[in-house]
Each structure stands twice: as C-alpha cells, then as structure tokens.
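Enquirer: Take this sequence and fold it.
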Amino acid sequence: MNPIFARRRGRLLTYQAMREGKLTSTRRVACGQCGAESAAIEWERTGQVCPKCGWHAPIGAYHRLWQILDPGTFQELEENVRSADPLSFPGYPRKLAALRAKTGLEDAAVAALGKIEGRRAVLAVIDSRFFMGSMGTAVGEKIARAAELAERRKLPLIIFSASGGARMQEGIFSLMQMAKTAAAIRRFQDRGGLYISCLTHPTTGGVTASFASLGDIMLSEPGALIGFAGPRVIQQTIGQELPEGFQRAEYLLEHGFLDQIVPRGEWRRVLSQLLALHERGKRA
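Expert: Model (predicted):
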C-alpha cells in the first residue's frame, strides 16, 4: 500500500472510531488560547474546539472534509498537482519533501468532489500545516481547476481558507496565483456559479487579497484572524491604535465583510441549507 495513502487511511479509521465512541484516551491537550487542559478525546468529540473556552484550533484538510462530507462521497481531485522549485530557492525542495512526509499532503491545498447531506459540490481546503497554507503554484492551480470543474459540472464551489499568504520561496510565480485564482472564480460566477468562501484562522496575505474575499456568500469560524497585513504591521504603519478585535471575524461581521460566523459543529447544517436554497433558486 502507498505509504501516504496508508497514513490517510489510518487517520480516517481513527476518526471513524472516535465518531462511533470506540476510542478512548488518557492523553491531555492544552488549549492554545486559554491554556486549560482537556482530555484529547474531548477535543476530538468537539471537532478540535476547546471544551473550556470554545477556541477553534486549526485542523488538517482531510479532517475538515471528513467533518463536512457525507460518508463515502469523498473523491479527491488533482491529487498529484505539486509545487516545483521555479527559482531554485535554497533548501526549498528539502522542506517540501519533509512536509510531504510529515503531513501526507502533496501541497497545502486539497480539492475534492463530494456531497453534503446529499447535495453535490466541489470543495477545496487549504491546510495550514503545509508551509502555513501559503499559496504557491500548486495551491493556485488546484483552486483554479476546482473552479473550472465546478463550472463544467454546474456545481457549487466551497473553499475553506487558512493561509499566511503568498509563498516566499516561489516569488513572482506565487504572486501570479492571485490573478489566476481571482480570474477563475470570476468566470465561474459570471456563468451563474455559486461560490461560498469559508474563512478560518488565520486567513491573511495574498489569499485574502484574491479568491478568499470573492465569495457570493462569506462565512467564517469564530475568532478567525482575517486580513491582508497583520494588525501589528498596520499599527506601526499608520501610527494609530487599532480598534479592539480588529481583523477578527466578529469585527468583520459587524462591519459587513462577513455574512455569518459558523461554529465548527454547524458547518454541515449551514452549508446544506445554503446548497438547498441555491437548488430551489435554480428551479424557480
């Protein structure tokens, strides 16, 4: 069996056992926000949300898809698309190889075809474990191809973003992905496609400045940091104190950038409702 596939299969079997209540653990995990420790099994039961304070910890792309898609409907797309080393950046190939071995990912994006409560959609998820979800040529290509497939099959497109921005090691080739992904999304929308953008912590830089901000419907997890430059850089640049909660999901919802904040356990229900409304709208 392919080693990467074996690791993915092992994780999926573990998640299934947790869902069915067959797995217990005495290991404890400290919250990255409040510092409180809780049993690891409690973190799994809450979908990696702190049982004490509700902080939403980052999760991997396959874990996210497992939480959202109907069992047995996951079909990975463009799984062999991977970044090269167009600038011969020192140490970059070695870091790519190490991250592929560690995460089981080819790059920072996973695209898939699947169903949410019986409704088909094309999804893409950015995984922050791989170069902090930075957008290089592979991520840009997967996002663009996902939009093109959704257009051909006349399916909704759902993208979960979690990124530090453009990938420094690919230079201008990384920055070009902003225009490419934005153009692909625009073509998809111009032909009547529904694009739901789901922002998770953190979504920043060139990803925010391109496809992540172009959704017909803009959703986010609670407390997510969303912006282009970080608040510290902005504050130093303008020389002014920033409002409390600046660039957090709750602040952006209040100021009209977001349509809704969705707790992790509610994603399936909310997305299913939106897809159902979209289907009814097309039939009307």
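Enquirer: contacts and neighbour counts: CA atoms only from here.
Expert: Will do.
Enquirer: And the helices in this protein?
Expert: In the chain, the helices defined using DSSP state H lie at 3-19, 40-45, 61-68, 92-103, 137-153, 171-190, 205-208, 231-238, 249-254, 267-283.
Enquirer: Give me the number of neighbouring residues for Glu148.
Expert: Residues within reach of Glu148, counting by other CA atoms under 10 Å, total 18.
Enquirer: Verify the contact between it and Ala182 for me.
Expert: No. Assessed by CA atoms under 8 Å, Glu148 is found out of contact with Ala182, at 12.0 Å.
Enquirer: what residues are shared contacts of these two?
Expert: Taking CA atoms under 8 Å, 6 or more residues apart in numbering as the contact rule, Glu148 and Ala182 touch no residue in common.
Enquirer: Let me know which of the helices of the chain is the nearest to Arg27.
Expert: With CA to CA, the closest approach to Arg27 among the helices of the chain belongs to helix 40-45: 5.5 Å.
Enquirer: Specify the residue ranges that define each domain of this structure.
Expert: The record's domain parsing of the chain by automatic domain parsing lists 1-57, 58-283.
Enquirer: most tightly surrounded among those?
Expert: With neighbours defined by mean count of other CA atoms under 10 Å, none of those is more surrounded on average than domain 58-283, at a mean of 19.
Enquirer: returning to what we had before: how about the helices of the chain in TSV, adding distance to Glu76?
Expert: As requested, these are exported to TSV (distance: least, CA to CA, whole Å):
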stretch	distance to Glu76
helix 3-19	12
helix 40-45	23
helix 61-68	10
helix 92-103	16
helix 137-153	11
helix 171-190	19
helix 205-208	22
helix 231-238	36
helix 249-254	29
helix 267-283	19
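Enquirer: so which of the ones you listed gets nearest Gln260?
Expert: For the helices of the chain, the distance to Gln260 is smallest for helix 249-254, at 6.8 Å, taking CA to CA.
Enquirer: who touches that closest one?
Expert: Here helix 249-254 makes contact (CA under 8 Å, 6+ apart) with 220-226, 245-246, 258-261.
Enquirer: okay if I get the residues you listed as JSON lines plus pLDDT and distance to Pro86?
Expert: Output for the contacts of helix 249-254, formatted as JSON lines (pLDDT from 0 to 100; distance: CA to CA, whole Å):
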{"residue": "Ser220", "pLDDT": "98", "distance to Pro86": "33"}
{"residue": "Glu221", "pLDDT": "98", "distance to Pro86": "35"}
{"residue": "Pro222", "pLDDT": "97", "distance to Pro86": "37"}
{"residue": "Gly223", "pLDDT": "95", "distance to Pro86": "36"}
{"residue": "Ala224", "pLDDT": "96", "distance to Pro86": "32"}
{"residue": "Leu225", "pLDDT": "95", "distance to Pro86": "30"}
{"residue": "Ile226", "pLDDT": "97", "distance to Pro86": "29"}
{"residue": "Gly245", "pLDDT": "89", "distance to Pro86": "39"}
{"residue": "Phe246", "pLDDT": "92", "distance to Pro86": "36"}
{"residue": "Leu258", "pLDDT": "98", "distance to Pro86": "36"}
{"residue": "Asp259", "pLDDT": "98", "distance to Pro86": "38"}
{"residue": "Gln260", "pLDDT": "98", "distance to Pro86": "39"}
{"residue": "Ile261", "pLDDT": "98", "distance to Pro86": "38"}
